[in-house]
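Novice: pasting the sequence and the predicted coordinates here, then a few questions.
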Amino acid sequence: MSDVVENAPALSARHLVKTFDVSAPWLNRVVERKPRQFLQAVNDITFTVPLGGCLSLVGESGCGKSTVARLVTGLHRPTSGQLRFAPGRSGTPLSAQMIFQDPYASLNPRWRVKNIVAEPLRELKLRDTPREIFERVDELLRTVGLSASDGDKFPHEFSGGQRQRISIARALASEPEFLVCDEPTSALDVSVQAQVLNLMRRLQDELGLTYLFISHDMSVVRHMSDRIVVMYLGRIVEEGDTEELFAQPRHPYTQLLLKTIPNIEQPNRDRVVARGEVPSPLKPPSGCAFHPRCPHATPRCSAELPELRVLDNGTRVACHLVDAT
Ligand code: SF4
């Protein structure tokens, strides 16, 4: 893992809430006598990302992790709560960039790669002359494992893994200190995933980057993270140091996620199939939202929302079962 600067958060999120109005159009509501509908995508979450570290948000589709990514990069505004980059740091604010899941959709197909990577350099006036701009583009392409001559090609001439390398070069062009990576390898083959993840780890060490990493895949987040936040239906259910969370997952949902990881060394091992579907975030279950799927649920679980408690080892967990032990 990278050397994390203790006690120096790159990002602090406090009681973050994001609610979307997903109501039908006004006329339909009046005719069909339907009330307005709200979706609570992120529900009172608090976390910090340490400077130079990697915090991963993990959970199934609909847990709110991608909404958090969009809040952090300013694509959405929080309904309430606070997001602060490098709180306490004076001088220029910390700069953030985002790497998306689908590298092809995020690259302009009509532009040559050198112009795609050069765009932030021009926009932000980071180099003075065209020659300096293209020298920097060549350097960035080599940094991500491509060659300078690749700059003359178009995105469709590359494989998925190479396109994600181009996205990373483009993100690095604006010299960010903080990268928000939203499922950056989930569209890639497993062998290519490992190459891109290794590249991201190397860049983090060499450039001192901070990552907020979003994934549904526990094996990917294990490879990348110093700490992991597990989300379920908009709330944090567990947060802990990566090794501890894998060695001793406390929340039944984290335990379920770990049991469903495919084992590359034992592909024939019996994998536990995730029990039940994620309920609709429009109508989350009462109490602990995981109770319809939880093998340990008690009557208290459907009646009372478990508090996110800090354990002795710094792990945070929201489960009545852990409360009782
Ligand atoms: Fe399961 Fe109850 Fe814990 Fe929720 S609070 S995870 S339902 S035991």
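Specialist: Looks like it came in fine.
Novice: for the helix or strand hosting residue 240, which strands pair with it and how are they oriented?
Specialist: Element membership of residue 240 [criterion: DSSP states H and E] is strand 235-241. Next to strand 235-241 in the sheet, as set by DSSP bridges, lie strand 227-232 (antiparallel), strand 316-317 (antiparallel).
Novice: residue 120: which element?
Specialist: With the criterion set as DSSP H and E, the secondary-structure element containing residue 120 is helix 113-123.
Novice: buried set for that helix?
Specialist: 113-114, 116-121 (16 or more other C-beta atoms under 10 Å). C-betas here are computed from N, CA, C, even on glycine.
Novice: can you list the residues you listed in JSON lines and add distance to the ligand?
Specialist: Listed next are the buried residues of helix 113-123 as JSON lines, based on distance: C-beta to the nearest ligand atom, whole Å:
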{"residue": "113", "distance to the ligand": "47"}
{"residue": "114", "distance to the ligand": "51"}
{"residue": "116", "distance to the ligand": "45"}
{"residue": "117", "distance to the ligand": "46"}
{"residue": "118", "distance to the ligand": "50"}
{"residue": "119", "distance to the ligand": "46"}
{"residue": "120", "distance to the ligand": "44"}
{"residue": "121", "distance to the ligand": "49"}
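Novice: which parts of the stretch 51-200 of the chain are helices?
Specialist: Per DSSP state H, counting those that start in this stretch, the stretch 51-200 of the chain has helices spanning 65-72, 113-123, 130-143, 160-173, 190-207. These are given in chain order.
Novice: so residue 202 versus residue 98, what's the distance?
Specialist: As for residue 202, its distance to residue 98 is 20 Å (criterion: C-beta to C-beta, to the nearest Å).
Novice: so for the two, which sits in the more crowded spot?
Specialist: Of the pair residue 202 and residue 98, residue 98 is the one with more neighbours under other C-beta atoms under 10 Å, namely 22 against 13.
Novice: isn't the more buried one up against residue 73?
Specialist: Yes: applying C-beta atoms under 8 Å, one finds residue 98 in contact with residue 73, separated by 4.6 Å.
Novice: can you list residues touching both of these two?
Specialist: residue 180 (C-beta atoms under 8 Å, 6 or more residues apart in numbering).
Novice: and residue 246, what does it touch?
Specialist: Neighbouring residues of residue 246 by C-beta under 8 Å, 6+ apart: 222, 258.
Novice: where in this structure is the helix or strand with the lowest mean pLDDT?
Specialist: helix 320-324 (a mean of 77; mean pLDDT, DSSP states H and E).
Novice: confidence score at residue 86?
Specialist: Model confidence at residue 86, given as pLDDT, is 82.
Novice: for the nearest residue to it once chain neighbours are set aside, grab the count of nearby residues.
Specialist: Closest residue to residue 86 in three dimensions, ignoring its sequence neighbours and counting by C-beta to C-beta, 6 or more residues apart in numbering: residue 94, at 4.3 Å. Neighbour count of residue 94, defined by other C-beta under 10 Å: 17.
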